[in-house]
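Chemist: Provided below are the primary sequence and the corresponding predicted coordinates.
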Amino acid sequence: MPKVLWTDTSGSIRVLKDEDNRFYEVQEDGNYAGLLAYERKGTRYSLTHTYVQEGYRGRGLGTALIREVLTDLEKERAAVANRCPVVDRFVEKHPQFREMLDLSSQAVDDAHD
């Protein structure tokens with residue numbers, strides 16, 4: 001069962017983690033709006049893909065999703081490799097998350113073994 005990680009102050013936007021299916025999801029008013037998929041091996045995560053549905057784009061849902069994913073993984077003290085260009089662009093604008101990313105190719109390779 002997905003776990004709610006974050007809800008905005010209005011209660012209309014929330015981010016969930018679905019460990020069984022290896023993705024984080026963002027919802028608006030209870031409706032699916034997008035996801036961030038990952039692979040996991042132990043405490044190593046590889047972020048593979050971020051997607052926000054067309055009707056939900058441009059409203060900050062992707063930013064909230066990525067922020068909450070990285071915050072969650074930081075709390076877990078996970079090793080995080082990124083293969084998603086959307087996450088790259090987020091980290092360029094939010095450099096406080098840069099240090100938590102493992103930029104070595106080994107982290108990506110290990111997450112997919």
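Modeler: In hand now; what should we look at?
Chemist: drop to CA atoms for contacts and neighbour counts, all remaining ones
Modeler: OK.
Chemist: What residues sit buried inside stretch 59-70?
Modeler: Buried residues in stretch 59-70, defined by neighbour count with 16 or more other CA atoms under 10 Å: Leu61, Gly62, Ala64, Leu65, Ile66, Arg67, Glu68, Val69, Leu70.
Chemist: For this protein, give me the ranges with low pLDDT.
Modeler: With pLDDT under 70 as the threshold, the chain has low-confidence stretches at 103-113.
Chemist: Break down it into its helices, ranges please.
Modeler: Along the chain, counting by DSSP state H, helices occupy 61-75, 85-93, 105-111.
Chemist: Would you reformat those as a markdown table and include distance to Leu36?
Modeler: Shown next, in a markdown table, are the helices of the chain (distance: least, CA to CA, whole Å):
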| stretch | distance to Leu36 |
| --- | --- |
| helix 61-75 | 7 |
| helix 85-93 | 9 |
| helix 105-111 | 16 |
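Chemist: center of this structure, which residue is that?
Modeler: Taking CA atoms, centre = their mean, the centroid of the chain lies closest to Val69, which sits 3.6 Å from it.
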